[in-house]
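Participant: Give me a model of this one.
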Amino acid sequence: MKILVVGGGGREHALVWKIAQSPLVAKIWCAPGNPGIARYAECVAIGAEDIDGLLEFALENDIDLAVVGPEAPLTLGIVDRFRAAGLTIFGPSRAAARLEGSKGFSKDLMTKYGIPTAAYRRFSDRDAAVAYIRAQGAPIVVKADGLAAGKGVVVATSVEEAVAAVDNIMVEGVFGAAGAEVVIEEFMEGEEASFFVFTDGSNILPLASAQDHKRIFDGDQGPNTGGMGAYSPAPVVTDELYEKIVNKIVRPTIDGMAREGCPYAGILYVGLMIRNGKPRVVEYNARFGDPEAQPLLVRLKSDIVPVLLGCARGEMRQRDLEWHDKAAVCVVMASGGYPGTLDKGHPISGLEAADRIEDLIVFHAGTTLKDGRVVNNGGRVLGVTGLGKTVAQAIDKAYEGVRVISWQGAQYRSDIGQKALNRAD
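Facilitator: Okay, here's the model as predicted:
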């Protein structure tokens, strides 16, 4: 098989790394890819949002399966375009990708089909939004309706902070058209978890549990990011909770999307808040989480390619996935200034030393080549992923890797996975 992976981040590196292990695969291309991905795939200089260019490349090279990593091309309709041209592609249609592309759409769907989530209101008028915030008080959550690279959510601890978030999104337009509407939600207390399922629009195949760390600083402090690290399995998702998530959240979501006339096929990410054994939906994503993809795909023992094909063709027959017994922990190393103004272009040292560490894989996210050297070129730069018999051992392995890698201004959290250890105590 000839496979095209769309994207160039850590999630796509993990996907390419896993796909390359399949005996079904003869050749992989990745557009645009990155220096880490280039070990396993031929990188093509086509942007992930250049749908015309990607389609032309896929047709010219007789691609058997396209796999879309990031959310932006999904919401732009890449799946619809490829299918119309007779190509097989993994990911939801443009209409189905609204689960991530519009917070308002997803909240309305949850309300309609009785899926547990926070109380909310939608606003396209700034003054009405501010009046609602003042009436509700704080803490309260303000979300840009559209895509904002994981940064369009503000958990405001005061009314003033919430009003400032509305002005930032709706008046100053920091997220462009994505901020034309805001969703204002009740603040949910609890512990977050990430739950993923493969689906062909009808059948569902759940993955192992995982937990992300959204805030930039230790102790879940500071602004939200795209994710500073993740681990799997996540002890917060017990067997009993697993069944609740599948039956009360995932199944109604997939059935609801089918009833709405936009069946959802691909990977569905459900961001959860768990309190007193009860899960509620924080948000949906229409693709693998990044950095959750890294520990999940490292732990996945099954061949991923038949699953991707089954979802893409609407005929997923697999009923379970096989997992390695080891735990996995991914620590994100980010550029100085992230999630604000980035300090980019610095040579990264220690990658070769990290390669020599057993049970450690370094996934590239925001890297590029400059004068023959790998340099940081984005917010989240590397996903240093360690394996161990326990989460504690996987944490030690990941940070062993982090300690040998450096560049000017590099930053990372030192407490990734700590919640799992606290739960085990």
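
Participant: quick one: low-confidence ranges for the chain?
Facilitator: 150, 424-425 (pLDDT under 70).

Participant: show me what contacts the residue positioned nearest the centre of the chain?
Facilitator: Among the residues of the chain, the one closest to the centroid is G289, at 1.8 Å (CA atoms, centre = their mean). Listed by CB atoms under 8 Å, 6 or more residues apart in numbering, the contact partners of G289 are 11, 194, 196, 210, 212, 227, 230, 269. No exception for glycine: its C-beta is placed from N, CA and C like everyone else's.

Participant: could you dump the strand or helix carrying Y399 to CSV, C-alpha only?
Facilitator: Assessed by DSSP states H and E, Y399 sits inside helix 391-404. Only the C-alpha atoms of helix 391-404 are listed here, as CSV (Å, rounded to 0.1, in the frame of the first residue of the first chain):
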residue,chain,number,x,y,z
VAL,A,391,3.8,5.0,34.9
ALA,A,392,6.5,5.9,37.4
GLN,A,393,9.1,4.1,35.4
ALA,A,394,7.9,5.7,32.2
ILE,A,395,8.1,9.2,33.8
ASP,A,396,11.7,8.5,34.8
LYS,A,397,12.5,7.3,31.2
ALA,A,398,10.9,10.3,29.6
TYR,A,399,12.8,12.8,31.8
GLU,A,400,16.0,10.9,31.2
GLY,A,401,15.5,11.8,27.6
VAL,A,402,14.6,15.4,28.4
ARG,A,403,17.8,15.9,30.4
VAL,A,404,20.0,15.1,27.4
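
Participant: Just the ones of the contacts of G289 in helices?
Facilitator: R11 (DSSP state H).

Participant: I figured L272 hits Y242, correct?
Facilitator: No - using CB atoms under 8 Å, L272 makes no contact with Y242, being 11.1 Å away.

Participant: any idea how far R287 is from I51?
Facilitator: I51 is 16 Å from R287, where distance means CB to CB, to the nearest Å.

Participant: neighbour count winner among the two?
Facilitator: A count of neighbours by other CB atoms under 10 Å puts R287 above the other of I51 and R287, at 26 against 19.

Participant: Could I get the contacting residues of the closest residue to that one other than its chain neighbours?
Facilitator: In space, and not counting its chain neighbours, R287 is closest to E71: 5.4 Å by CB to CB, 6 or more residues apart in numbering. Contacts for E71 were tallied using CB under 8 Å, 6+ apart; they are 97, 100-101, 147, 285-287.

Participant: For V404, give me its contacts.
Facilitator: The contact partners of V404, taken as CB under 8 Å, 6+ apart, are 350, 353-354, 357.

Participant: same deal with K27?
Facilitator: The contact partners of K27, by CB under 8 Å, 6+ apart, come to 2-3, 42.

Participant: Tell me the spacing between it and V79.
Facilitator: 22 Å.

Participant: cool, and H364?
Facilitator: For H364, the distance to V79 - CB to CB - is 26 Å.

Participant: residues of stretch 349-369 that come out buried?
Facilitator: Within stretch 349-369, the residues that count as buried by 16 or more other CB atoms under 10 Å are 351, 354, 357, 359-368.

Participant: Sorry, wrong one. I was asking about stretch 182-192.
Facilitator: Those would be 182-185, 188, 192, for stretch 182-192 by 16+ other CB under 10 Å.

Participant: how far does it sit from the chain's center?
Facilitator: How far stretch 182-192 lies from its chain's middle: 19 Å, per CA atoms, centre = their mean, to the nearest Å.

Participant: measure that stretch end to end?
Facilitator: 22 Å (CA to CA, to the nearest Å).

Participant: quick one: which of the contacts of K27 is most hemmed in?
Facilitator: Neighbour counts for those (other CB under 10 Å) peak at I3, which has 27 neighbours.

Participant: show me what contacts that residue?
Facilitator: By CB under 8 Å, 6+ apart, the residues touching I3 are 19, 25, 27-29, 63-67, 305.

Participant: between those residues, which is closest to A392?
Facilitator: Nearest to A392 among the contacts of I3: I19, at 30.1 Å, using CB to CB.

Participant: does the closest one really touch V25, like I thought?
Facilitator: Yes - look at I19 against V25 with CB under 8 Å: they come within range, at 6.0 Å.

Participant: shared neighbours of these two, which are they?
Facilitator: With CB under 8 Å, 6+ apart, I19 and V25 have common neighbours 3, 305.

Participant: out of the two, which sits in the more crowded spot?
Facilitator: Applying other CB under 10 Å to I19 and V25 shows that I19 carries more neighbours, namely 24 against 18.

Participant: Relative to E181, how far out is the more buried one?
Facilitator: Going from I19 to E181 by CB to CB gives 37 Å.

Participant: now V381
Facilitator: Counting by CB to CB - V381 and E181 are separated by 32 Å.

Participant: could I get the buried residues of stretch 182-192 as CSV with distance to G345 and secondary structure?
Facilitator: Listed next are the buried residues of stretch 182-192 as CSV, based on distance: CB to CB, whole Å; DSSP: H, G, I helix; E, B strand; the rest coil:
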residue, distance to G345, secondary structure
V182, 35, strand
V183, 36, strand
I184, 39, strand
E185, 38, strand
M188, 39, coil
E192, 33, strand
